[in-house]
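J.: make a model of this:
(chains A, B and C)
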Amino acid sequence: MHTPPFDTVLVANRGEIAVRIIKTLRKLGLRSAVVYHEIDSNTPAISMADTAIEISGLSPIAAYLDIAQIVTAAHKARADALHPGYGFLSENAEFARAVRKAGIAFIGPAPETIELMGDKIRARKFVQCNGFPVAPSAVDEDDPEGFVVRARAIGAPLLVKPSGGGGGKGMRIVRDLDCLEDAIEQSRREGQRYFGDRRVYVERYIERPRHIEVQVLGDRFGNVVHLFERECSVQRRFQKIIEETPSPALSPQLRQRICETAVGIARAANYQNAGTVEFIFCAGEFYFLEMNARLQVEHPVTELITGVDLVAEQIHAAAGRALGFSQSDIVSHGHAIEIRLYAEAPERGYAPTTGKVLLLEYPDGVRIDSGILQGQNITTAFDPMLAKIIAHAQTRGESALKAHRAIREMILLGCETNASFLARILADEAFLAGEIHTGYLEEHPHIAADNFSFGLSAFLASAALLTKPVRESADAVPPLHAALGSWRN
Amino acid sequence: MYHCFEIDGVDHQVWLSASRRDYRLHLRDQVIAPVGFAHHSNSSGILNIAGESEPVRFVIDGDMIHVHIRGRTRTLRYRDPLQTLASVSQEASSLVARAPMPGVVVTTTVSPGQSVTAGMALMMIESMKLETIIRSPQDGVVDRIHFKEGESFERDAALVTLSKEGR
Amino acid sequence: MQRIASVVDVNSQVFRHNELHNRRLAAELKERQRSARFHRPERELQRLRRQNKLFVRDRIETLLDPETPFLELSTLAANKAYDGEVPGAAQVVGIGIVAGREVIVHADDASVKSGAWYPLSVKKIVRALDIAIENRLPVIHLCDCAGGFLPLQAEFFADRYYAGRILRNQSILSKMGVPQVAIAMGHCTAGGAYVPALSEYNIIVEGTGAIFLGGPPVVKAATGENVSVEELGGANMHTSVSGTSDYLASSEMHAIAIARDIVARFHRPEKTLIDRAAPEPPSYDESELYGIIPKDTRVQFDMRQIIARLVDGSRFHEFQQRYGTSLVCGFARLHGYQIGILANNGVLFGDSALKGAHFIQLCDKNRTPLLFLQNVTGFMVGREYERQGITKHGAKLIMAVSSASVPKFTVICNGSHGAGTYAMAGRAFDPRFVFTWPQSEISAMGAEQAAGVLTHVKARQLAREGGRLSDQELATIREPILQEYRERSSAYYATSEIWDDGILDPVDTRSALAIVLSASLNAPIAAPHYGVFRM
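T.: Have a look, this model is predicted:
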């Protein structure tokens, strides 16, 4: 592997993931190019990339979703490969095809694989047909007439999901079967709105489930390996907040079973490149949930415990090279925890926050994947994730402690973040005991609800002492009168 | 009259008083003493509060004070009493942009129905061979423009009338 | 400096009796003050609320810097006048801190007779402005006054120290470069209209504030013109048309914020430097004063025991301890400031007067303010004393007191009678401030003595007309004379008439003196300069 796989790679993404990819490109000695919308012109990816090409759109998001503009930009940058990152066009088969058609290597799985895994119902059927476990379910297109009856037959509680979706949008939990039809209708409407797809399916809702996923890597020679699991059970509104590996819920036997299942599914799908097989896990049982045909936000925890650079492996795989290691070469060391710093206020129902990064300082001793710079404006144009802090230590406890110390030392002033909320989770007894599931935060509402008065006087004291008029009015009072205080006769 | 800081929409009354070497912090329901702040740089220092030392990172951005203490960040806004108390009742007369001197309208830069913000240029007038920009006294919607370009007016004449938004 | 040894036995029966009595007097004082400050007919308070006005006390508290002292002066002015219906003479006056600056606050109390000026209101305002002039203190006027109370105009309108003096004093202050800020929070009518107009800065509250020489009814009567308050003298008119007011405030709170901002910008003149050390509390508990002041005002007590409970560390450098012993003289510190104290330990003799005159000159020379602690029945009378020149020695003391240019402060601790009142810096001798303690008596002659003289005069009159009075009849004549005399020598009567700057609870004396001492240093101290001492 002495010849570089590509000459120039265009990163069709923004924020922390664009930075993350460019770092590997630099390491591999490849030239980097990045597209950006004007609103992002003062972000780190732009200053790091060798070339930055501006794209535009009706909205900033629209720019990053504009296939034609991005392909043109790739040509302009003379890119011979394109990394889509996550989100945006990363799981868009049409995009992958357009990139390939333009003679540019798409760093990701084949468009057909993306298509298969992108359709949740097809993916489920595929997995089921190949003999892997899925949750009991009913799919409406199988027999639209009998859909509700079949759904009912599974028994409460149920989860209604749009077929086209992801990210928790349009999902509904039904505990009372009388509400099922309403829930289906609402799910359809939201599916239509978010994904342009009215189809839904219903599956058994697992109470207090854990979200466990397995990282896999495949090449075009049929080699598929796993890089162990990640547990992403700490979620708010189906958005992951804290991810870790290994999962505290798995015994070595279970770990082996779930990882082998993931490899089996990937192999059945002839999966090439990096991907993630997600499972619902409860009481020793696990069901296939979906497969993400892209790099995951939480991939760094896997990198830290295995020492594998997943982006580098993606590039090699896309260049048609065989995996440089076999399953037995992959060894897990210690425990890693990733926490996501969001521009949002958990105390106010996770409302997004905005501002300007006035002071930014990262803690030492942890990995930081950040997409922000001091002086940058934080807007609501994109996902509110600002940065990730990834701690690696010998044990889960040490790793949590390290992450806790890091989030408390992280300084970001000018935009409200969820930092103290993350610190509260990392110090929470249930979390530290590994007693987590996807409903963990709803079950422990005190974590999101900040104890407002705690430490308030220290903040007021600081503000008072730092505010000129307040200090001046204190200093102006003659010492005699200050000593007499509010004396009255 | 206490000083006031707003945090998350809640006003907190504070007063600092000097003691022999440090300060006392008076909140409405308690007194915390001594308090003092030793600057280390323009964004860091040590807060001494009732015998405890707290490293503090901060940024002052106008009236906004962003403070980080022990892993927690808060933004406090200093509420200048002159500003906050004045805005309690915005008088109706400020809904009219008046002529500071007699003159002639050179150009009008807004049209009726247009939303304007305080300080936005509404009109340029000429008077005594001097061009003056008439700015909006407050946020609102342009209701009426009283003079056409080229028309003259007297001192204190209403030039542009605004209405409050949503009215 | 030596610490005064306490000779007080706090467990003695005398001490406990005194304490009980004096605590009762202090409680009575507090109750009378509370009533004068807050006891108002409900309709007055309702009217204020209806007019969207703050109560005068709330206005002042908002104006002052939080956590700073406010020394209210003449709290019980007019308490014996106008059937007690004009508490505090409808005025609040005091020394406080605004934006770090020592100022005089003068506020009309609109909850009393709509803030109308009575004769004693005028006297209280004039006094407030005299204090401002003497001590160069900026003044904040909180104006809310319906005008003078016309039925009594003969007692406040035309004379030298009547209402015109307010405006004259305002002008003098301005000439001296001592600024004033006025807030028109209600109507400022007739003479009252000039208060904001003569202030360097004035603020008018939109909706409630108005300034005019004649209100709408007066205008109607004079010219037949129908005009609204707002048109005639409202906030918008005065700030945009007449220029009579400088700042338009949207509320009283806003007006106060503006006033505070104005004061914060004032030039801060250097205060007069006098000898000062680090402050120290007295070694003995100030509340022991209650047990020391005798229940019976005729009982003599050692003023050193009072001094020990007022001054820093109870330390006192006594001057001429062995000479003229009925007048205790010496140096002490009060909140660090060096002061010279003259305190009565009995009737004044020739040697006491000589000692006092000498000591005053010492203090004047080294810029040491003087504190007079009065408990004096007067100068000694009798042939022997006159032959020794008691009158000319007394004249020396009066000359020294009158001429001394250092600030003087007087506290009437118990009795204040005869020429003793004068020689010990009574009101007429322009001490910067005069305070009294609740049990004190102020009169030309002691009550018993005076009643005796007056009864004797009356009896002689009757005798000339041929009658002769039995002891019974004499007693019947004497009793009402004594009663009235007592009434009019009381501290409450004196303070009602504003012969002083207020009655103090003895334990408040140290703080009150510190505040006025500090205030007095805003004015420079002239070089020592005396008239002719009769030798």
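J.: middle-most residue in chain C, spatially?
T.: Centroid-nearest residue in chain C, with CA atoms, centre = their mean: C:Asp501, separated by 0.8 Å.
J.: a strand runs through that residue, doesn't it?
T.: No. The assignment for C:Asp501, made by DSSP: H, G, I helix; E, B strand; the rest coil, is coil rather than a strand.
J.: in terms of contact, does it touch C:Val434 like I think?
T.: Yes. Counting by CB atoms under 8 Å, C:Val434 is a contact partner of C:Asp501 at 5.6 Å. From N, CA and C alone the C-beta is placed, and that goes for glycine too.
J.: before we move on, the earlier item: tell me the spacing between the residue nearest to the centre of chain C and C:Phe435.
T.: Look at C:Asp501 and C:Phe435: by CB to CB, to the nearest Å, they are 6 Å apart.
J.: I'd like the distance between C:His456 and C:Tyr485.
T.: Using CB to CB, C:His456 is found at 14 Å from C:Tyr485.
J.: those two: which is more packed in?
T.: Using other CB atoms under 10 Å in any protein chain shown as the criterion, C:His456 and C:Tyr485 rank with C:Tyr485 on top: 21 against 12.
J.: pLDDT score for the more buried one?
T.: Looking at C:Tyr485, its pLDDT is 90.
J.: swap in A:His2?
T.: So, for A:His2, pLDDT stands at 61.
J.: any idea how far stretch B:26-43 is from the chain center?
T.: Offset of stretch B:26-43 from its chain centre (CA atoms, centre = their mean, to the nearest Å): 25 Å.
J.: low-scoring stretches of the stretch 301-450 of chain C, by residue?
T.: Nowhere does the stretch 301-450 of chain C drop to pLDDT under 70.
J.: where's the residue nearest to B:Thr132 when sequence neighbours are not counted, which helix or strand?
T.: Nearest residue to B:Thr132, sequence neighbours excluded (CB to CB, 6 or more residues apart in numbering or on different chains): B:Ile125, at 5.4 Å. Applying DSSP states H and E as the criterion places B:Ile125 in strand B:121-127.
J.: could you point out which element follows that strand?
T.: Next along from strand B:121-127, by DSSP H and E: strand B:130-135.
J.: that following strand: which residues count as buried?
T.: Residues of strand B:130-135 classed as buried under the neighbour-count rule (16 or more other CB atoms under 10 Å in any protein chain shown) are B:Thr132, B:Ile134.
J.: so what strands line up beside it?
T.: Paired strands of strand B:130-135, with direction, are strand B:121-127 (antiparallel) (DSSP bridges).
J.: what average pLDDT does the strand it pairs with get?
T.: Average pLDDT, strand B:121-127: 87.
J.: so which residues of the stretch 51-200 of chain A form strands?
T.: Along the stretch 51-200 of chain A, counting by DSSP state E, counting those that start in this stretch, strands occupy A:51-55, A:81-83, A:105-106, A:137-139, A:158-162, A:172-174, A:200-204.
J.: of the ones you listed, which stretch is the most buried?
T.: Compared across these, strand A:81-83 shows the largest average neighbour count, a mean of 29 (mean count of other CB atoms under 10 Å in any protein chain shown).
J.: ok, C:Gly378 touching C:Leu348?
T.: Yes. At 7.0 Å, C:Gly378 and C:Leu348 qualify as touching, with contact defined as CB under 8 Å.
J.: any common contacting residues for those two?
T.: Both C:Gly378 and C:Leu348 are in contact with C:Ala419, C:Gly420, where contact means CB atoms under 8 Å, 6 or more residues apart in numbering or on different chains.
J.: name the SS class of the nearest residue in space to C:Ala249 that is not next to it in sequence, please.
T.: Nearest non-adjacent residue to C:Ala249, counting by CB to CB, 6+ apart: C:Ala255, 3.5 Å away. With three-state DSSP as the basis, C:Ala255 sits in helix.
J.: what is the neighbour count of C:Ala255?
T.: Other residues near C:Ala255 come to 30 when the count uses other CB under 10 Å.
J.: cool, and C:Arg464?
T.: C:Arg464, neighbours per other CB under 10 Å, totals 8.
J.: since we're on residue 150, how many residues are nearby?
T.: With no chain named, the answer covers chain A. Applying other CB under 10 Å, we find 16 residues neighbouring A:Arg150.
J.: I was after chain C.
T.: For C:Leu150, the neighbour count with other CB under 10 Å is 10.
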